[in-house]
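Engineer: give me a 3D structure for the following:
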Amino acid sequence: MNSVLRQQARIRQRALLLTTAALPLTGWAVHAVALHKQIADGRKDPLTGLLGRPELHTHVQRRLRRHRDGLHVLMLDGIGFKAVNDTFGHAGGDAAIQTISRRLASWSTGRRALAARLGGDEFAVSVVLDPATALSEITALREQLQQPFPFEQHTLHLEPVSLNGR
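Structural biologist: Next up is the predicted model:
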């Protein structure tokens, strides 16, 4: 009987020791995850949620090492945003920027591409495309970006989107 009691006491001691060690480690892990999220959120544009110029640059550098021939960097200059801002104010301009960024992000997700906001009404996408389909995919993206979008009680139209690639 004594050996059973001693064995149970050892098990309790080990459990107490593990619990004592695990609690601070769990706290540190939770803190590390929270810090990682804050850093990741800090790299995103607050209006659009897209990553910025430094992350795009890093992404392009990595992709150039592996996919030099198929890599496309599409630069989007938001033609028509000034007219939206002038007519509907900054809220309208923000809605246009958010709409374009959602469309870029959606298009990028299925292609393992990176969409970024460079600043103001300028965006970029880094994507590896098959040369046989690249032109049609880029054309489809341009058409998608030009689709009208609702704002308040209006339907807003952007002028033809200027996409410059490679």
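
Engineer: did I read that right, T155 in a strand?
Structural biologist: Yes. Assigned with DSSP: H, G, I helix; E, B strand; the rest coil, T155 falls within a strand.

Engineer: wait, isn't it in contact with F149?
Structural biologist: Yes. If you go by Cβ atoms under 8 Å, T155 and F149 touch, sitting 7.3 Å apart. (C-beta placed from N, C-alpha, C; glycine too.)

Engineer: the two: which is more packed in?
Structural biologist: More crowded of T155 and F149, by other Cβ atoms under 10 Å: F149, with 16 against 8.

Engineer: got phi/psi on the more buried one?
Structural biologist: The phi/psi pair for F149 (degrees, to the nearest 10) reads phi -140, psi 150.

Engineer: next, the closest residue to it other than its chain neighbours: secondary structure please.
Structural biologist: Sequence neighbours aside, T99 is the residue nearest to F149 in space, at 4.5 Å (criterion: Cβ to Cβ, 6 or more residues apart in numbering). Put simply, T99 is helix when judged by three-state DSSP.

Engineer: any idea how far T99 is from A105?
Structural biologist: 11 Å (Cβ to Cβ, to the nearest Å).

Engineer: domain parsing for this structure?
Structural biologist: According to automatic domain parsing, the chain is divided into the following domains: 1-42, 53-164.

Engineer: which of those has the lowest average pLDDT?
Structural biologist: Lowest mean pLDDT of the domains of the chain: domain 1-42, a mean of 68.

Engineer: for stretch 115-131, buried residues please.
Structural biologist: A115, A116, R117, L118, D121, F123, A124, V125, S126, V127, V128, L129 (16 or more other Cβ atoms under 10 Å).
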